[in-house]
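Chemist: Fold the stuff below for me.
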Amino acid sequence: MTTDWYPTQEGRIADGLTITAIAGGAIVEGSAVKFGTSASGQITVQAASAIGDGFAVSIKAASTGDPVGVLVFGLYKMTIGGTDLTQGSFVINSGTIYAVYAAITSANYFSLVKFGGASHMLGQAMQSATADGDEAIVFVGKTA
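Modeler: Predicted coordinates:
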């Protein structure tokens, strides 16, 4: 179990860059979001549903067409799922809402969009976690 250094704080820990986007579908607070259908004059996002398709984190719940705050760069306390998380490792979103996992290793580095793959890097782990469901701080937006 990870030691929670922010026991009275959930979700957003620190902002670096938060934008307002339009929800292209129902979004749950704290879930990873991906790009929605492009529309003139607005940024549209929707809930990330597949492994590695999220690029930011929703800071509030939203219904289709509603404005929604999206943390593109900053610290967010997230629930870990899928695998152990090692401090300093790059992370992508899992297919489960709220969860991220350390999936960027030398074996699958080329699965990132930058290299022709389909996965977006969500951020970097600021803490280690060993159990599914642990919470850990993720630096959202950290890139190589």
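Chemist: Now for the closest residue in space to Gly133 that isn't next to it in sequence, how many residues are close by?
Modeler: Excluding the flanking residues, the one nearest Gly133 by Cβ to Cβ, 6 or more residues apart in numbering is Thr79, at 6.2 Å. For every residue, glycine as well, the C-beta is placed using N, CA and C. Neighbourhood size, Thr79 [other Cβ atoms under 10 Å]: 17.
Chemist: Which stretches in this structure count as helices?
Modeler: In the chain, no helices are defined using DSSP state H.
Chemist: hmm, back to that, I'd assumed Ala129 was in contact with the residue nearest to Gly133.
Modeler: No. Here Thr79 does not reach Ala129: they are 9.1 Å apart, not a contact under Cβ atoms under 8 Å.
Chemist: Please enumerate the shared neighbours of those two.
Modeler: Residues within reach of Thr79 and of Ala129 at once, by Cβ atoms under 8 Å, 6 or more residues apart in numbering, are Glu135.
Chemist: ok, now how distant is Ala47 from Ala32?
Modeler: Computed with Cβ to Cβ, to the nearest Å, the distance linking Ala47 and Ala32 is 8 Å.
Chemist: And these two? Which one has more around it.
Modeler: Ala32 (33 against 21).
Chemist: how about Ala21, what does it touch?
Modeler: Applying Cβ under 8 Å, 6+ apart, we find Ala21 in contact with 33, 36, 42-45, 67-68, 70.
Chemist: and what of Gly74?
Modeler: 12-18, 139-141.
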